[in-house]
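Participant: Just the structure for this:
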Amino acid sequence: MDCAVYDTYVEKKDGKVMHFDVIVEKNTPHEKAIEYGKSYLDSVGQGGQTMTQEECQFCHIQKAPDGIEKQISSSGYYIQEMEGCP
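Facilitator: Presented below is the predicted three-dimensional model:
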């Protein structure tokens, strides 16, 4: 599966920054990727933080590894946590 990677930086409630990627099937609209990112923020206690096209920007297309492809197939997206994530 080819997937789109959205590089995302969101200010947390404590003022620090979370950096994560929202990874979706390549034909998924950008607005849907943002929606998935907001769901992730809700799930880690950061709901209500600003997340727009400015915070969540398209980065590139890549082939999804098997585990990520399975997650995208079942839930529509995968979150790759990087810096500042819980």
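
Participant: Which secondary structure state does the residue in the chain sticking out farthest from the centre sit in?
Facilitator: Residue farthest from the centre of the chain, counting by C-alpha atoms, centre = their mean, is residue 14 at 20.0 Å. Under DSSP: H, G, I helix; E, B strand; the rest coil, the three-state class of residue 14 is coil.

Participant: separation between it and residue 52?
Facilitator: To residue 52, residue 14 is 20 Å away according to C-beta to C-beta, to the nearest Å. Using the backbone N, CA and C atoms, a C-beta is placed for each residue, glycine as well.

Participant: tell me the helices in this structure, going along the chain?
Facilitator: Secondary structure of the chain (DSSP state H): helices at 30-43, 66-75.

Participant: Out of the ones you listed, the one nearest residue 6 is which?
Facilitator: Nearest to residue 6, of all the helices of the chain, is helix 30-43, at 4.8 Å by C-beta to C-beta.

Participant: counting contacts, what elements does the closest one pack onto?
Facilitator: strand 2-11, strand 17-25, strand 56-63, strand 78-81 (3 or more C-beta pairs under 8 Å, 6 or more residues apart in numbering; DSSP states H and E).

Participant: ok, now which ones touch residue 77?
Facilitator: Each residue near residue 77 by C-beta atoms under 8 Å, 6 or more residues apart in numbering is listed here: 22-24, 28, 33, 36, 71.
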